[in-house]
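Trainee: Sequence first, predicted model second:
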Amino acid sequence: MIALLVVATALAAPAGYSPTKQVNGCQLYLGPRDADGVTPMAAECHWPEVTIASFDAKLADWNLHDEIFSSVAESRVLRVEGGRSLVKQTHVSSGISDREIIISGQRVALDDGGFRYEWRPSGQPIELQKGNVECPRSEGFWQVRPSPEGGVLVSYELHYDPGGSVPGFLVRWFQTSGLTEILTNARAATHP
């Protein structure tokens, strides 16, 4: 019973966020709008079949993100500087132009044996492919920790501004179904 309380506490809503739905071992949330108008998304998950080692083997390699996530057509490390990787990503979604960004990402070891993989816009200039749009903001993190119930506790947060013109229904789809797809992709890819 105490272990169940520990897991429930670990899956509590981030401060100021509202729960939207539960899916695939995860509770999804939407946060309050940022100053730039972006509505952040978050998830807290318990994946009993995943290990920290299997999660780290996939998420630590930024070059694999286009193999893991169906919404990422390209994820290529351009260079590594002081423990941070500069990564060119191309994001795809049906009905709109592809989005491109260069992010700065890093992997941070946590005291409990887990890891945090965080990224933010690098500020580096990008030469866009014809017809694509620059994504002004992709910022967030994955965090994986051991669960007292076995498996892992996964936290995810994303602040995403696709730039350009995007219909409201696509934004709403991304905040629910798109987030579900990201989590489903991650869980399937990190299953040992």
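Mentor: Thanks, I have it.
Trainee: Would it be right to say that E100 lies in a strand?
Mentor: Yes. Under DSSP: H, G, I helix; E, B strand; the rest coil, E100 sits within a strand.
Trainee: That one touches C135, doesn't it?
Mentor: Yes. Taking Cβ atoms under 8 Å as the definition, E100 is a contact partner of C135 at 6.3 Å. All C-beta spots, glycine's among them, are computed from the backbone N, C-alpha and C.
Trainee: who touches both of those two?
Mentor: Jointly contacting E100 and C135 under the rule Cβ atoms under 8 Å, 6 or more residues apart in numbering are H91.
Trainee: report the longest helix in this structure, please.
Mentor: helix 179-190 (DSSP state H).
Trainee: A42 - that's part of a helix, no?
Mentor: No. Using three-state DSSP, the assignment for A42 is strand, not a helix.
Trainee: partner residues bridging it?
Mentor: Note on A42: beta-bridge partners Y29, E157, judged by DSSP bridges.
Trainee: what sits against it?
Mentor: A42 sits next to 14, 17, 28-31, 155-158 when contact means Cβ under 8 Å, 6+ apart.
Trainee: helix or strand right after the helix or strand of the chain with the lowest mean pLDDT?
Mentor: When the helices and strands of the chain are scored by mean pLDDT, DSSP states H and E, helix 2-10 comes last with a mean of 39. Next helix or strand after helix 2-10 toward the C-terminus (DSSP states H and E): strand 18-23.
Trainee: got the angle for that next one vs helix 179-190?
Mentor: Here the directions of strand 18-23 and helix 179-190 differ by 50 degrees (axes from the mean of the first three to the mean of the last three Cα atoms, to 10 degrees).
Trainee: which neighbours does strand 18-23 have in its sheet, and in what orientation?
Mentor: strand 26-30 (antiparallel).
Trainee: So what touches the partner strand?
Mentor: Contacts for strand 26-30 (Cβ under 8 Å, 6+ apart): 11, 13-14, 17-22, 39-45, 154, 175-176, 179-180, 183.
Trainee: Mind checking which of the residues you listed are buried?
Mentor: The neighbour count (16 or more other Cβ atoms under 10 Å) marks 11, 17, 20, 40-45, 154, 175, 179-180, 183 as buried among the contacts of strand 26-30.
Trainee: just to revisit the earlier point, for the longest helix of the chain, the averaged confidence score.
Mentor: Here helix 179-190 scores 96 as its mean pLDDT.
Trainee: List the buried residues of it.
Mentor: Under the neighbour-count rule (16+ other Cβ under 10 Å), helix 179-190 has 179-187, 189-190 buried.
Trainee: Out of the residues you listed, which is nearest to L64?
Mentor: A189 (8.0 Å; Cβ to Cβ).
Trainee: From E74, how far off is the closest one?
Mentor: Taking Cβ to Cβ, to the nearest Å as the measure, A189 falls 17 Å from E74.
Trainee: next one: I101
Mentor: 11 Å.
Trainee: Comparing those two, which shows the higher neighbour count?
Mentor: Shown here are I101 and E74; by other Cβ atoms under 10 Å, I101 has more neighbours (25 against 16).
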